[in-house]
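Enquirer: Below is the structure, and that's it, no one-letter string:
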């Protein structure tokens, strides 16, 4: 249990975010696939990255691999272990066993690799009979489920004897994450061609060079949310830059409509609250689904009417995120309308916390999205689990303290 309140609706301070787990996990996979000894710096402190790093650091990969809640880890390893000689059983938490993996498994099976479902068809746990020699060739995969399936295949593509031509069926969600994968592969020496809906990667070797992961733009969304709900704010966030491989850099544009101004400088960014706030907003966030929850909460707190679409992928995250955020916002007297791909929040709803404990739904982004509403409530807000944020942002509660919030564990 954690209890928080905002000592002031004015926020000033400096927050040092950790590295991007999305970048860190891709770099760890590239290092493992290349079988090279180059150094990686500034890796994320998140649980997801620590789990993946711990698994890959074994001198000999275990036959039983527990990915816990780490979806990226399980999906990337499913592709990677297919290229390693041996039999591997890959599993995770109960929620992980409810998250589909069939499109990725179907593609790997077409490459000649045997994969068995150990419980429910289409879902982990799975058993992989890996093979070091895979021909490669042409594959087709739907683009509207998870970009991580696509990234998992792209990362192993250079290792395949004939490379890979991967055709992605429209619509393609989370394109910036696919671009991130390709950008990091390119930085490590891999050439590719993206022609319309098909990505071609020839058989080739990753180069070896030391690399540092960027700090995390996704985590900054919760700090932007704080700034938007404040009456006055000035927050320094070091080591975030406009030249970024992270699509969630878009958060700076998104929050400009909620009165948050971003200034870029040599050391990072400064965000400030101004009075230029929109009254009605509509965005398709299919490329930036991780920004949807903090943005919805910010709009609700400001009384702004908002409609966000392109959110199909949120159903298969750590929780069904639209269902989860609707339930938790109702505890603040906020009603919203949801379906499989969108959320709508009417304007001018009075924020009034009913005192019920905020359930995290085993999903790190739920409490981090809700927490900024402490600025709009007079009473303390209670959260079920303070540790769930460790999945992506372990220092979240500490950073709130730095910005003047009172936190009691």
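Expert: Received it, and whenever you're ready, just let me know what you need. All values reported here derive from a predicted model rather than from experimental measurement.
Enquirer: since we're on residue 198, how many residues are nearby?
Expert: Neighbouring residues of residue 198 were enumerated by other Cβ atoms under 10 Å; the total is 14. Bear in mind the C-beta positions are built from the backbone N, C-alpha and C, glycine included.
Enquirer: can you tell me how far it sits from residue 181?
Expert: Spatial separation of residue 198 from residue 181 under the definition Cβ to Cβ, to the nearest Å is 15 Å.
Enquirer: just residue 318 next, same as before
Expert: For residue 318, the distance to residue 181 equals 21 Å [Cβ to Cβ].
Enquirer: Looking at those two, which is more packed in?
Expert: A count of neighbours by other Cβ under 10 Å puts residue 181 above the other of residue 318 and residue 181, at 27 against 23.
Enquirer: Which of the helices or strands spans that one?
Expert: Secondary structure assigned from DSSP states H and E places residue 181 in helix 175-187.
Enquirer: Give me the contacts around that helix.
Expert: Applying Cβ atoms under 8 Å, 6 or more residues apart in numbering, the set of residues contacting helix 175-187 from outside is 22-23, 26-27, 30, 147-148, 150-151, 154-155, 158, 172, 192, 194, 199, 201, 206, 211, 245-248, 250, 287-288.
Enquirer: Flag every buried residue along the helix or strand following that helix.
Expert: Next in sequence after helix 175-187, counting helices and strands by DSSP H and E, comes strand 192-195. Applying a neighbour-count criterion of 16 or more other Cβ atoms under 10 Å, the buried positions in strand 192-195 are residue 192.
Enquirer: ok, then the element right after strand 192-195?
Expert: Once strand 192-195 ends, the next helix or strand along the chain (criterion: DSSP H and E) is strand 198-201.
Enquirer: Can you show me the helices along this structure?
Expert: With DSSP state H applied, the chain shows helices at 21-34, 47-56, 71-81, 102-110, 147-156, 175-187, 217-229, 251-254, 292-302, 321-329, 365-370, 396-402, listed in chain order.
Enquirer: what's around residue 302, how many residues?
Expert: Here the count is done by other Cβ under 10 Å, and residue 302 has 19 residues near it.
Enquirer: returning to what we had before: can you tell me which of the contacts of helix 175-187 are buried?
Expert: So, of those, 22-23, 26-27, 30, 147-148, 150-151, 154-155, 158, 172, 192, 199, 201, 206, 211, 245-248, 250, 287-288 end up buried under the neighbour-count rule (16+ other Cβ under 10 Å).
Enquirer: returning to that earlier point: relative orientation of the helix holding residue 181 and helix 147-156 in degrees?
Expert: Computed by axes from the mean of the first three to the mean of the last three Cα atoms, to 10 degrees, the angle separating helix 175-187 from helix 147-156 equals 10 degrees.
Enquirer: As a markdown table, the helices of the chain with mean pLDDT and distance to residue 281 would be great.
Expert: What follows is those, written out as a markdown table (pLDDT from 0 to 100; distance: least, Cβ to Cβ, whole Å):
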| stretch | mean pLDDT | distance to residue 281 |
| --- | --- | --- |
| helix 21-34 | 96 | 26 |
| helix 47-56 | 95 | 30 |
| helix 71-81 | 97 | 29 |
| helix 102-110 | 98 | 32 |
| helix 147-156 | 97 | 25 |
| helix 175-187 | 97 | 20 |
| helix 217-229 | 98 | 12 |
| helix 251-254 | 98 | 9 |
| helix 292-302 | 98 | 7 |
| helix 321-329 | 97 | 16 |
| helix 365-370 | 98 | 17 |
| helix 396-402 | 96 | 26 |
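Enquirer: got TSV for these, with distance to residue 141 too?
Expert: Formatted as TSV, the entries for the helices of the chain read as follows, by distance: least, Cβ to Cβ, whole Å:
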stretch	distance to residue 141
helix 21-34	18
helix 47-56	22
helix 71-81	12
helix 102-110	6
helix 147-156	6
helix 175-187	11
helix 217-229	24
helix 251-254	28
helix 292-302	24
helix 321-329	23
helix 365-370	26
helix 396-402	34
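Enquirer: right, and the ones you listed - which one's nearest residue 270?
Expert: helix 217-229 (10.3 Å; Cβ to Cβ).
Enquirer: Check which residues of the closest one are buried.
Expert: 217-229.
Enquirer: what's the answer for stretch 398-409, then?
Expert: Of the residues in stretch 398-409, those with enough neighbours to count as buried (16+ other Cβ under 10 Å) are 399-400, 403-405, 407.
Enquirer: do stretch 127-136 as well
Expert: 128, 130-131, 134, 136.
Enquirer: which ones among those residues are found in strands?
Expert: When these are checked against strands (DSSP state E), the matches are 128, 130.
Enquirer: Next, give me the two most distant ones among the buried residues of stretch 127-136.
Expert: In terms of Cβ to Cβ, the buried residues of stretch 127-136 reach their longest pairwise distance at 128 and 136, which sit 17.2 Å apart.
Enquirer: what residues are up against the nearest residue to residue 324 once chain neighbours are set aside?
Expert: Taking Cβ to Cβ, 6 or more residues apart in numbering as the measure, residue 324 lies nearest to residue 361, with 4.3 Å between them; neighbours along the chain are not counted. Contacts here follow Cβ under 8 Å, 6+ apart; on that basis residue 361 touches 318-319, 324.
Enquirer: Walk me through the domains of the protein.
Expert: Segmentation of the chain into domains, based on automatic domain parsing, reads 2-18+215-408, 21-212.
Enquirer: quick revisit: and which of the buried residues of stretch 398-409 is nearest to residue 50?
Expert: When the buried residues of stretch 398-409 are compared for distance to residue 50, the smallest value, 18.8 Å, is given by residue 399; criterion: Cβ to Cβ.
Enquirer: longest strand of the protein?
Expert: The chain, longest strand under DSSP E: strand 268-277.
Enquirer: For it, which strands pair with it and how are they oriented?
Expert: Partners of strand 268-277 in the sheet, by DSSP bridges, are strand 232-238 (antiparallel), strand 258-265 (antiparallel).
Enquirer: what helices or strands is the worst-scoring helix or strand of the chain on mean pLDDT leaning on?
Expert: Comparing every helix and strand of the chain by mean pLDDT, DSSP states H and E singles out strand 211-212 as the least confident one, with a mean of 92. Using 3 or more Cβ pairs under 8 Å, 6 or more residues apart in numbering; DSSP states H and E as the contact criterion, the neighbours of strand 211-212 among helices and strands are strand 40-41.
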